[in-house]
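[1] predicted model and sequence below, questions to follow.
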2 protein chains.
Amino acid sequence: MNKRRYDSEKAKVEIMEHAVSLFSQKGYNQTSVGDISTASGYSKGHIYYHFENKEKLFVLLAQQTMQDWNNKWLQKECTYSTATEKLYGMAMHVLYHYQTPLLRSGQELASNSKSSPESVQQLHNLAIVPMSAYRAILQEGIDKGEFVHGNIEEWTVLLGTWLGGLCQLTNNQELKALEPLFHQAITIFLKEIKKGGI
Amino acid sequence: MNKRRYDSEKAKVEIMEHAVSLFSQKGYNQTSVGDISTASGYSKGHIYYHFENKEKLFVLLAQQTMQDWNNKWLQKECTYSTATEKLYGMAMHVLYHYQTPLLRSGQELASNSKSSPESVQQLHNLAIVPMSAYRAILQEGIDKGEFVHGNIEEWTVLLGTWLGGLCQLTNNQELKALEPLFHQAITIFLKEIKKGGI
DNA sequence: ATTAAATTAGAACGACCGTTCAAATTCAAA
DNA sequence: TTTGAATTTGAACGGTCGTTCTAATTTAAT
C-alpha cells in the first residue's frame, strides 16, 4: 500500500540527509537554505513546511547525530569485557563515528549572538554526551580495580580533549591511517591510570 | 614633530586591533566589515584603503598572531634548561598565548569554497608553526638523552592534538583554572617518552 | 597660495540569504 | 465527484554584507 505520490516523511528524511551532508562540508553559515533546497530537490518553501527555521533544523540534526553516536556505542560497549578494552574500543568509535565537522558547525551557531539562547543551550548540552561516556568507562575501571584511584573528573576532561583534538585530523587524513595514533593515545593514557603500571 | 591630523599608520593599527578582537569573539563570517568599521571608528571605505579585502585582512592578522606566538616562545624557550622543562613551559605558553578563537575562525574561511586558494594555503601553513615548535623540543630531548628513542612524528602529532584539544576549553573556563590540566597532560605524556620512566 | 598626492567618509550597488505567502497540485474521504 | 486538508512550489520581501566609487578633507611640497 501507501502508493502516494506525496510522501511527506520521505521528503523530510531526504532534506535532513542532505542538510547533514552540507552542514558537515561547508559549515553552518556557509550552508544556505537554498543549498539544501537544491541538493535535496525540494523547494525552499517546502523546507519551511517541515522545519520552523534553519536554526531549529540544525539543532535537530546535531541532537540526532549525537544520539546516534551514543546508541551505537551502547550497542558496541557490551562486546568488551574490561574497562581497558572499552577505552581502546571507544577510541575507534570516536575515530569512525564522531561527526566532527557537523558538531563543529554547532560552534558557529553557538557563537552567533543572534542565535536563540535555547538553541545555544541545547548545543552545549550535546557536549555532555561523550564526556559522560568517557567518565562511565573510567569509573568502571576504578570500581573493578583495573585503574588506580584518581581524579576522575580530571581524567575525563584529559581523555575527552585528547580524543577531541585527534578528531580534528579526520578532516585531512584517511581514517584508517589514524588508527595507530588513536590507539597510541589510549596506551599512553593507560600508563597513567592503570594499576601496576609503574 | 609629526603632528599630522591624519596618521594613516595609527589608523591601520587600530583597525587591525579591533578586527582581531571581533574575529576572535564572533568568528570570521559573523564579523562584518561594518562591525570593524563601527568598532574602530573608521569608515568602511577607509578599511578598503588599507586592506585589499576582508579575506586578506584576516589572513594577515592570523599570520601576525601566529608569528607573535612563535616569537614570544623563542624568547621564553631559552630560560629553560631541559627539554622536560620546555614541555611544561610550552604547555603554559599555549594556554596563555595561543589565540584559539582567532585561529578557529581561520577554519571557517578555509572551509568556504569561495575563499581564494592562496588564502586557504596560507592558513594551512600556519598550523605548521606550533607543530615545528613541539617537534624541536622532542628532538632536543632525544638528543640530550632525556627522552627515549621513539617515533618523533607520532609524538609530535599526539602532543599537538592534545594541547589543541585542551585549548578548546579556554572558551568557557578561566585560564588560571586550566593550569593543572595542562600540566597533568604533560606529566602523562612524559611518562611515555621519558627515559627511566618505567 | 597653489597644487597634487594622501587620507577619510559615506553613499550606493549588486548579490545573497532567511523567511513568508499565496497559489497550485495532490491526496483521502465523503 | 466533490470537498477540504495535506503537500509542494516559486515568487517576492526585507535585510545584510562585501565591495566600489565619488567626493571631501588634509597634508606636504612648490
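    Sure, I can see it.
[2] going forward, measure contacts and count neighbours with C-alpha atoms only.
    Will do.
[3] could you check the angle the helix or strand harbouring residue A:109 makes with helix B:100-110?
    For residue A:109, the element it lies in under DSSP states H and E is helix A:100-110. Compare the direction of helix A:100-110 with that of helix B:100-110 by axes from the mean of the first three to the mean of the last three Cα atoms, to 10 degrees and you get 110 degrees.
[4] can helix A:100-110 be said to contact DNA strand D?
    No: residues of helix A:100-110 contacting DNA strand D under Cα under 7 Å from any atom of the strand: none, with a closest distance of 14.0 Å.
[5] and that helix, average pLDDT?
    Helix A:100-110 shows a mean pLDDT of 94.
[6] quick one: it near DNA strand C?
    No: contact of helix A:100-110 with DNA strand C is not found when judged by Cα under 7 Å from any atom of the strand; the minimum separation is 11.0 Å.
[7] could you pull out the buried residues of that helix?
    A:100-110 (16 or more other Cα atoms under 10 Å in any protein chain shown).
[8] isn't residue A:101 up against residue A:27?
    Yes: judged on Cα atoms under 8 Å, residue A:101 makes contact with residue A:27 at a distance of 7.5 Å.
[9] and stretch A:50-67, how far out from the chain middle?
    Chain-centre distance of stretch A:50-67: 14 Å, with Cα atoms, centre = their mean, to the nearest Å.
[10] can you give me the helices in chain A?
    A:8-26, A:33-40, A:44-50, A:54-77, A:83-97, A:100-110, A:117-126, A:128-143, A:152-167, A:175-193 (DSSP state H).
[11] columns distance to residue B:114 on top of those, output as JSON lines?
    Rendered in JSON lines, the data for these read as follows (distance: least, Cα to Cα, whole Å):
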{"stretch": "helix A:8-26", "distance to residue B:114": "11"}
{"stretch": "helix A:33-40", "distance to residue B:114": "14"}
{"stretch": "helix A:44-50", "distance to residue B:114": "22"}
{"stretch": "helix A:54-77", "distance to residue B:114": "21"}
{"stretch": "helix A:83-97", "distance to residue B:114": "29"}
{"stretch": "helix A:100-110", "distance to residue B:114": "18"}
{"stretch": "helix A:117-126", "distance to residue B:114": "27"}
{"stretch": "helix A:128-143", "distance to residue B:114": "34"}
{"stretch": "helix A:152-167", "distance to residue B:114": "25"}
{"stretch": "helix A:175-193", "distance to residue B:114": "27"}
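[12] which one of those helices lies nearest to residue B:122?
    Closest of these to residue B:122 is helix A:8-26, at 19.1 Å (criterion: Cα to Cα).
[13] which residues does the closest one contact?
    A:31, A:35-37, A:39-40, A:42, A:47, A:50, A:61, A:101-103, A:105, B:111-113 (Cα atoms under 8 Å, 6 or more residues apart in numbering or on different chains).
[14] from those, which would you call buried?
    Buried members of those, scored by 16+ other Cα under 10 Å, are A:31, A:35-37, A:39-40, A:42, A:47, A:50, A:61, A:101-103, A:105, B:112.
[15] report the two of these separated the most.
    A:50 and B:112 (27.3 Å).
[16] which residues are in contact with residue A:161?
    Here residue A:161 is in contact with B:162, B:165-166, B:168 (Cα under 8 Å, 6+ apart).
[17] let's see 7 Å
    Counting by Cα atoms under 7 Å, 6 or more residues apart in numbering or on different chains, residue A:161 touches B:162, B:165-166.
[18] of those, grab the buried ones for ChimeraX.
    The following ChimeraX line selects those of the contacts of residue A:161 that are buried, judged by 16+ other Cα under 10 Å:
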select /B:162,165,166
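[19] in chain A, where is pLDDT below threshold?
    Scanning chain A for pLDDT under 70 picks out A:1-6, A:197-198.
[20] let's go with 50 and repeat that
    For chain A, the stretches with pLDDT under 50 are A:1-3.
[21] just give me the closest of the buried ones among the contacts of helix A:8-26 to DNA strand D.
    Lowest distance from DNA strand D to the buried ones among the contacts of helix A:8-26 (Cα to the nearest atom of the strand) belongs to residue A:42, with 3.6 Å.
[22] ramachandran angles for that closest one?
    With angles defined as degrees, to the nearest 10, residue A:42 sits at phi -110, psi 150.
[23] next, count neighbours for the nearest residue to residue A:95 once chain neighbours are set aside.
    In space, and not counting its chain neighbours, residue A:95 is closest to residue A:167: 6.5 Å by Cα to Cα, 6 or more residues apart in numbering or on different chains. Residue A:167: 23 surrounding residues under other Cα atoms under 10 Å in any protein chain shown.
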